[in-house]
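1. Quick one: sequence plus predicted model below, questions after.
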Amino acid sequence: MKYKLSIINDPGMGGLRLYLTGEQAGSRYSAAPVDVVMELIKEPYVSLEPFMKFGYYESTNVLTAFSNGLIEAGFRDKVINHTPEIERLEKHLEDMRKIAFKKLGL
């Protein structure tokens, strides 16, 4: 099934609303509403029940839809920039090449 998460952030209409829909073989589906209620954990080592469960084969598709939906709605704390790290590695590799070529007499 192909999933899509739609996020509507509208404080005037009650805040944040999430819609999970799916399509398969020409049919459309919608996840049933879930009320998330926070409960006090009275025992320190109590076994908790998950508030959402997904099948093994569906979990990757659902989580990808969640990730895409969050990004599309602008919920991204920062853009990951690996450029400085890559530049440091490139300089390190260049230094290692110089050392290796010098030892090999090239």
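-> Good, I have the coordinates. Residues are numbered from 1 along each chain as shown.
2. So which residues of this protein form helices?
-> Taking DSSP state H as the test, the helices found in the chain are 56-72, 83-104.
3. Deepest in the core, which of those helices is it.
-> Highest mean neighbour count of those: helix 56-72, a mean of 13 (counted as mean count of other CB atoms under 10 Å). Just so you know, the C-beta spots here come from the backbone N, C-alpha and C atoms, and that holds for glycine as well.
4. Show me what it is packed against.
-> Helix 56-72 sits against strand 2-10, strand 15-24, with contacts defined as 3 or more CB pairs under 8 Å, 6 or more residues apart in numbering; DSSP states H and E.
5. Mind checking the pLDDT average for that helix?
-> In this model, helix 56-72 has an average pLDDT of 87.
6. picking that back up, same list (the helices of the chain) but as CSV, adding distance to residue 17.
-> Shown next, in CSV, are those (distance: least, CB to CB, whole Å):
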stretch, distance to residue 17
helix 56-72, 12
helix 83-104, 36
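7. closest one to residue 28 among those?
-> The minimum distance between residue 28 and these falls on helix 56-72, with 14.0 Å, by CB to CB.
8. Work out which residue lies at the spatial centre of this protein.
-> Geometric centre of the chain, nearest residue: residue 67, 4.1 Å, by CA atoms, centre = their mean.
9. which ones are touching that residue?
-> Residues in contact with residue 67 (CB atoms under 8 Å, 6 or more residues apart in numbering): none are found.
10. how much space between it and residue 21?
-> Computed as CB to CB, to the nearest Å, the residue 67 to residue 21 distance reads 16 Å.
11. now for the helices and strands packed on helix 56-72, which one comes closest to residue 98?
-> Closest to residue 98 of the helices and strands packed on helix 56-72 is strand 2-10 (CB to CB; 49.9 Å).
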